[in-house]
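*Asks:* Sequence and predicted structure below; questions after.
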Amino acid sequence: MSQQPEAFYDYVIIGSGFGGSVSALRLSEKGYKVLVIEKGKWWKPQDFPKTNWRLSKWLWLPSLQLKGFFKMTFLRHVGILSGVGVGGGSLVYANTLPRPKDAFFQSGSWAGAAHWKEELEPFYKEAERMLGADRNPRLFDSDVALRQVAKDMGHEPEFEATDVAVFFGEPEVTVPDPFFKGKGPDRAGCTHCGGCMTGCRYNAKNTLDKNYLYLAQKKGAQVLAERKVVDVRPEGAADGSEGYVITYQHSTSWFAGPKQQVRAKGVVFSGGVLGTVRMLLDMKAKGLPNISDKIGDDIRTNNESLVLVHSRDKEKDFSKGVAIGSIFPPDDDSHVEPVRYGSGSGFFKLLGIPMIYGKNAWVRIGKLLVHLITHPLEMPRILFSKNFSKESMILLFMQHLDSTLRFKRGMFNLTSTVSTGKAPTSFIPRAKELAERTAKVIKGAPFVMTTEVLFGIPTTAHILGGSVIGKTPEEGVLDADQHVFGYENMIVCDGSAISANPGVNPSLTITAMTERTMSKIPEKKGY
Ligand SMILES: Cc1cc2nc3c(=O)[nH]c(=O)nc-3n(C[C@H](O)[C@H](O)[C@H](O)COP(=O)(O)OP(=O)(O)OC[C@H]3O[C@@H](n4cnc5c(N)ncnc54)[C@H](O)[C@@H]3O)c2cc1C
Ligand code: SF4
């Protein structure tokens with residue numbers, strides 16, 4: 001639980017997601033005094049909502065007093081889904097831990113800055129061990145449907161069950177820590193209820209508060225929840241070599257209250273892309289000019305596409321199983337996974353309309369009107385469905401092909417622009433083909449977020465980059481060890497450091513990269 005902070009720490013870590021939690025454990029093990037500041041709440045299994053209709057416990061929109069753990073952010077060129085809370089994105093994520101293909105390690109701004117594939121290999125293994133990656137033992141209806149699609153496309157041999165961060169013990173039976181020789185918390189076996197993305201109410205999902213962060217606290221790390229860091233400044237020397245002052249405020253009460261400060265020798269930025277890039281852009285504008293001009297650039301979305309396919313087949317139950325139970329590569333550049341919400345979680349039906357492709361908004365709106373007239377029952381079937389998550393599967397399509405955006409400071413939030421290269425798009429022919437093939441298999445119809453059809457804005461659960469690695473400050477914000485060029489003891493460990501499209505779910509890679517960065521920090525003197 002949150003404790004009163006002291007005046008001085010060796011390291012303050014901003015954010016408690018994958019980068020933050022790994023940093024907290026590894027720095028504490030090396031004898032450093034660590035404080036983690038997290039703007040979201042602590043969650044216990046019994047506190048998670050039963051479905052995503054319970055908006056006050058699911059959505060993060062504190063200005064409306066919604067203090068959940070799932071955040072939606074809509075910018076000009078991209079809609080972003082992310083997690084907020086102690087454990088960051090692990091609270092909301094679908095537990096899936098694939099490794100990227102080789103192309104990831106050789107492309108983007110980090111190419112050549114290190115021998116990434118070879119150097120990261122031992123840290124991937126450690127990340128898999130720590131996160132408790134295990135092969136999903138049971139395939140359910142949506143996996144079976146995806147396997148049929150793989151077969152139809154001649155890719156059945158490559159279809160496989162996912163490796164997921166879940167404890168597959170006896171369902172609902174609590175046992176002493178099965179992962180860390182008894183040093184971790186008690187756990188219970190997975191029930192395959194499908195509720196992973198609305199928070200696991202069964203203590204079976206290996207969220208970060210049950211591994212890295214739990215062990216970090218045992219080593220003395222403190223966690224200050226419901227506080228948002230609003231400023232970081234060097235104290236004394238302008239390059240940060242004499243330490244930093246970190247300013248934070250309440251994040252969940254109506255009034256943020258007075259600003260408070262804590263001092264530290266070093267700072268680890270782990271606020272995820274939305275948190276870290278925003279903070280570094282603000283700091284550069286307000287007195288840390290040596291942060292690279294690349295800050296905010298090279299934002300990537302994994303070239304992602306999310307399509308929901310609603311089935312008319314009442315015999316099937318697409319809500320059963322872990323949130324992502326299988327995966328296959330439809331071609332050399334892409335991966336696809338079926339995603340599910342647990343029974344009763346139907347919120348997303350309010351945001352969907354039929355999938356329509358077209359070169360501009362007017363063409364798409366015209367096609368949409370024709371579609372609605374020629375398929376009059378499709379929308380009512382969705383809107384009045386009794387149990388939407390049982391009747392639908394979500395296709396998560398990802399590519400390592402490149403597309404980038406730039407984030408800038410806006411008046412209230414970040415804004416997006418197209419910098420160099422292609423912007424991410426909602427209209428990927430391979431994703432459309434997969435959606436249509438899946439619809440055929442499950443006797444359904446494909447739907448996408450309304451923003452995709454009306455504004456051409458893709459939605460992603462994998463926002464990446466913005467504070468990328470490069471060989472020089474002209475190429476990146478971070479050096480190969482993820483230290484900010486131009487400043488001392490200022491480190492970035494989170495998705496914003498991912499410097500190419502992995503083309504698969506990124507949390508394992510964020511974890512492995514943070515393990516590597518932390519392995520290079522020496523033990524505290526005299527420890
Ligand atoms: C619905 C969903 C499903 C997903 N499923 C998968 C999956 O199956 N596999 C996978 O690999 N990935 C998945 N992801 C993506 C994954 O969650 C993210 O890539 C990952 O969490 C990013 O880790 P991170 O270390 O960058 O930061 P995050 O995990 O995003 O954590 C950042 C934390 O910092 C906090 N923070 C931000 N700013 C501040 C501030 N100023 N002060 C204090 N705290 C701050 C935030 O509240 C947050 O808790 C999913 C995402 C979503 C939304
Ligand atoms: S399927 Fe259910 S029990 Fe298993 S990890 Fe997900 S939420 Fe927990």
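*Replies:* Yep, that arrived. The structure displayed is predicted, hence computed values, not measured ones. Ligands and ions are numbered 1, 2, ... in the order given.

*Asks:* Helix, strand, or coil at the residue in the stretch 51-200 of the chain that ligand 1 sits nearest to?
*Replies:* Residue nearest to ligand 1 within the stretch 51-200 of the chain (C-beta to the nearest ligand atom): residue 89, separated by 2.0 Å. (Each C-beta comes from the backbone N, C-alpha and C, glycine too.) Secondary structure state of residue 89, per DSSP: H, G, I helix; E, B strand; the rest coil, is helix.

*Asks:* close enough to count as contact, it and residue 81?
*Replies:* No: judged on C-beta atoms under 8 Å, residue 89 makes no contact with residue 81 at a distance of 9.4 Å.

*Asks:* The two: which is more packed in?
*Replies:* Shown here are residue 89 and residue 81; by other C-beta atoms under 10 Å, residue 89 has more neighbours (28 against 18).

*Asks:* Let me see the contact set for the closest residue to ligand 1 within the stretch 201-350 of the chain.
*Replies:* Using C-beta to the nearest ligand atom, residue 275 is the residue of the stretch 201-350 of the chain that sits closest to ligand 1, at 2.4 Å. The contact partners of residue 275, by C-beta atoms under 8 Å, 6 or more residues apart in numbering, come to 14, 15, 39, 269, 494.

*Asks:* Is the lengthiest strand in the chain in proximity to ligand 1?
*Replies:* Counting by DSSP state E, the longest strand found in the chain is strand 260-269. No: residues of strand 260-269 are not located near ligand 1 by C-beta under 6 Å from any ligand atom, the shortest gap being 8.8 Å.

*Asks:* Show me which positions of that strand end up buried.
*Replies:* By 16 or more other C-beta atoms under 10 Å, the buried positions in strand 260-269 come out as 262, 264, 265, 266, 267, 268, 269.

*Asks:* Which strands and helices lie in contact with that strand?
*Replies:* strand 8-14, helix 18-29, strand 244-250, helix 272-285, strand 490-492 (3 or more C-beta pairs under 8 Å, 6 or more residues apart in numbering; DSSP states H and E).

*Asks:* try it again with 10 Å
*Replies:* Other helices and strands packing on strand 260-269, by 3 or more C-beta pairs under 10 Å, 6 or more residues apart in numbering; DSSP states H and E, are strand 8-14, helix 18-29, strand 34-37, strand 227-234, strand 244-250, helix 272-285, strand 490-492, helix 507-519.

*Asks:* What mean pLDDT does the longest one get?
*Replies:* In this model, helix 272-285 carries a mean pLDDT of 97.

*Asks:* what about dumping the CA coordinates of that helix to PDB?
*Replies:* Extracted C-alpha coordinates of helix 272-285, given in PDB (Å, rounded to 0.1, in the frame of the first residue of the first chain):
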ATOM      1  CA  GLY A 272       4.300   4.800 -20.900                       C
ATOM      2  CA  VAL A 273       4.300   6.700 -24.100                       C
ATOM      3  CA  LEU A 274       1.500   9.000 -23.100                       C
ATOM      4  CA  GLY A 275       3.100   9.800 -19.700                       C
ATOM      5  CA  THR A 276       6.800   9.900 -20.600                       C
ATOM      6  CA  VAL A 277       6.700  11.700 -23.900                       C
ATOM      7  CA  ARG A 278       4.400  14.400 -22.400                       C
ATOM      8  CA  MET A 279       6.700  14.900 -19.500                       C
ATOM      9  CA  LEU A 280       9.900  15.100 -21.600                       C
ATOM     10  CA  LEU A 281       8.200  17.500 -24.100                       C
ATOM     11  CA  ASP A 282       7.200  19.800 -21.200                       C
ATOM     12  CA  MET A 283      10.600  19.600 -19.600                       C
ATOM     13  CA  LYS A 284      12.400  20.500 -22.900                       C
ATOM     14  CA  ALA A 285      10.100  23.500 -23.300                       C
END
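
*Asks:* what residues does the helix or strand following that helix touch?
*Replies:* Per DSSP states H and E, the first helix or strand lying C-terminal to helix 272-285 is strand 299-300. Strand 299-300 is contacted from outside by 75, 77-78, 80, 108, 273, 277, 400, 402-407, 414, 416-417, 419, 423-424, 460, 462-468, 495-496, 498-502, 506, using C-beta atoms under 10 Å, 6 or more residues apart in numbering.

*Asks:* Mind checking which of the residues you listed are in helices?
*Replies:* The members of those that map onto helices under DSSP state H are 273, 277.

*Asks:* Also near ligand 1: which of the contacts of strand 299-300, exactly?
*Replies:* Answer for the contacts of strand 299-300 near ligand 1 (C-beta under 6 Å from any ligand atom): 462, 495, 506.

*Asks:* Show me where the stretch 51-200 of the chain has its helices.
*Replies:* For the stretch 51-200 of the chain, the helices defined by DSSP state H, counting those that start in this stretch occupy 55-58, 116-131, 141-152.

*Asks:* Around ligand 1, pick out the residues from the chain.
*Replies:* By the rule C-beta under 6 Å from any ligand atom, the part of the chain lying against ligand 1 is 14-19, 37-40, 81-85, 88-89, 92-96, 197, 228-229, 270-272, 275, 279, 324, 461-462, 494-495, 505-508, 510.

*Asks:* which parts of the stretch 201-350 of the chain sit against ligand 2?
*Replies:* So far as C-beta under 6 Å from any ligand atom goes, the stretch 201-350 of the chain lies against ligand 2 at 202, 204, 205, 322.

*Asks:* Show me what from this protein comes close to ligand 2.
*Replies:* Selection of the chain residues close to ligand 2 by C-beta under 6 Å from any ligand atom yields 166, 190-196, 200, 202, 204-205, 322.

*Asks:* Recalculate using a threshold of 8 Å.
*Replies:* Contact residues, the chain versus ligand 2 (C-beta under 8 Å from any ligand atom): 95, 164, 166-167, 171, 189-196, 198-205, 321-323, 342.

*Asks:* Centre of the chain to the helix or strand of the chain with the lowest mean pLDDT, how far?
*Replies:* The helix or strand of the chain with the poorest confidence is helix 450-455; it has a mean of 89 (mean pLDDT, DSSP states H and E). Here helix 450-455 is found 22 Å from its chain centre; the criterion is C-alpha atoms, centre = their mean, to the nearest Å.

*Asks:* Good, we can wrap up now.
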